[in-house]
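Enquirer: Quick check, what structure comes out for this input:
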Amino acid sequence: MIADLALRWVVTVLFALSAVECTYALLGSRGRPGAAVSQLLHLAMAIAMMVMAWPRGAELPTLGPMYFFLAAAVWFLAGLLRSGTTQGRVVDGYHAAMMLAMAWMYAAMNGNVLARQPETVAAGGHEMHAMHMGAHGGTAMAMEHVSVQPLWIPTINWLLTIGFVIAAAVWLHRYFAARHRAETPPFSHFGTLCRAMMAAGMAIMFGVML
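Expert: Numbers count the residues shown, from 1 in each chain. Predicted coordinates for the structure are as follows:
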């Protein structure tokens, strides 16, 4: 999905580190089924994004993952309703939005889920030179029908790109603020740092879709 090899590796590393953190958090969530499910969903998301960054991954079926991440969004929305604190509701709401963004990305990749507008354009390449003579010696250029994305699709991708850039900055700020406040070792807040990485990776993925 990402043409630039260096950027592809950047996204892979960001989500690989996030997957490692999710696995560690999953192992530490024994006895807390709700937390374990949430970490499993984040782990699935990190792996899906690593796969999607590569050409072969972008060719895989999209409908199944789309419905999976829609269900994941419902899970976090339910957690939002269960949460007893404002901070908990904000975090669960953010995670629900991220899962919805994943579902949207798969829908956009599918091509058939989102409506496309047919448009008639002149055929390109060598076909541009293929003309046939009309009844009175005139010429007619070969025409073909192509599908064009409606304007609202790239608009949503722009909003998601900007939104995840902001989210990455917020998570990064929270990471350094927590380290400064508690004066703890660098890896004690690695989970927060990985949230920033995931948001940055999402911003890159949506950015290349523009």
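
Enquirer: Lowest average confidence across helices and strands of this structure, where is it?
Expert: None of the helices or strands of the chain scores lower by mean pLDDT, DSSP states H and E than strand 131-133, at a mean of 40.

Enquirer: where exactly do the helices run in the protein?
Expert: Along the chain, counting by DSSP state H, helices occupy 5-27, 33-52, 55-58, 63-82, 86-110, 152-182, 190-207.

Enquirer: quick one, which of those helices is packed in tightest?
Expert: helix 190-207 (a mean of 22; mean count of other Cβ atoms under 10 Å). (C-beta placed from N, C-alpha, C; glycine too.)

Enquirer: what packs against it?
Expert: Under the contact definition 3 or more Cβ pairs under 8 Å, 6 or more residues apart in numbering; DSSP states H and E, helix 190-207 sits against helix 5-27, helix 33-52, helix 86-110, helix 152-182.

Enquirer: can I get these in a markdown table with mean pLDDT and distance to residue 204?
Expert: Shown next, in a markdown table, are those (pLDDT from 0 to 100; distance: least, Cβ to Cβ, whole Å):
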| stretch | mean pLDDT | distance to residue 204 |
| --- | --- | --- |
| helix 5-27 | 93 | 5 |
| helix 33-52 | 94 | 10 |
| helix 86-110 | 92 | 12 |
| helix 152-182 | 91 | 9 |
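
Enquirer: Out of those, which gets nearest to residue 79?
Expert: Distance to residue 79, taken as Cβ to Cβ, is lowest for helix 86-110 among those, at 4.3 Å.

Enquirer: Distance-wise, check residue 164 relative to residue 158.
Expert: 11 Å (Cβ to Cβ, to the nearest Å).

Enquirer: just residue 59 next, same as before
Expert: 25 Å.

Enquirer: just residue 15 next, same as before
Expert: 22 Å.

Enquirer: Then residue 198?
Expert: Taken as Cβ to Cβ, the span from residue 198 to residue 158 is 20 Å.

Enquirer: Who are the contact partners of the residue lying closest to residue 39 once chain neighbours are set aside?
Expert: Among residues not flanking residue 39 along the chain, residue 26 sits closest, at 4.1 Å (Cβ to Cβ, 6 or more residues apart in numbering). Residue 26 makes contacts with 36, 39, 40, 43, as judged by Cβ atoms under 8 Å, 6 or more residues apart in numbering.

Enquirer: Residue 36 too?
Expert: Residue 36 touches 26, 29, 30, counting by Cβ under 8 Å, 6+ apart.

Enquirer: a markdown table for these, including distance to residue 87?
Expert: Shown next, in a markdown table, are the contacts of residue 36 (distance: Cβ to Cβ, whole Å):
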| residue | distance to residue 87 |
| --- | --- |
| 26 | 22 |
| 29 | 19 |
| 30 | 24 |
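
Enquirer: Let me know the closest of these to residue 203.
Expert: Distances from residue 203 to these, taken by Cβ to Cβ, are shortest for residue 26, at 24.9 Å.

Enquirer: For residue 157, see how far away the closest one is.
Expert: For residue 26, the distance to residue 157 (Cβ to Cβ) stands at 31 Å.

Enquirer: got it, and residue 207?
Expert: Separation of residue 207 from residue 157 (Cβ to Cβ): 8 Å.

Enquirer: What of residue 99?
Expert: Distance from residue 99 to residue 157, by Cβ to Cβ: 17 Å.
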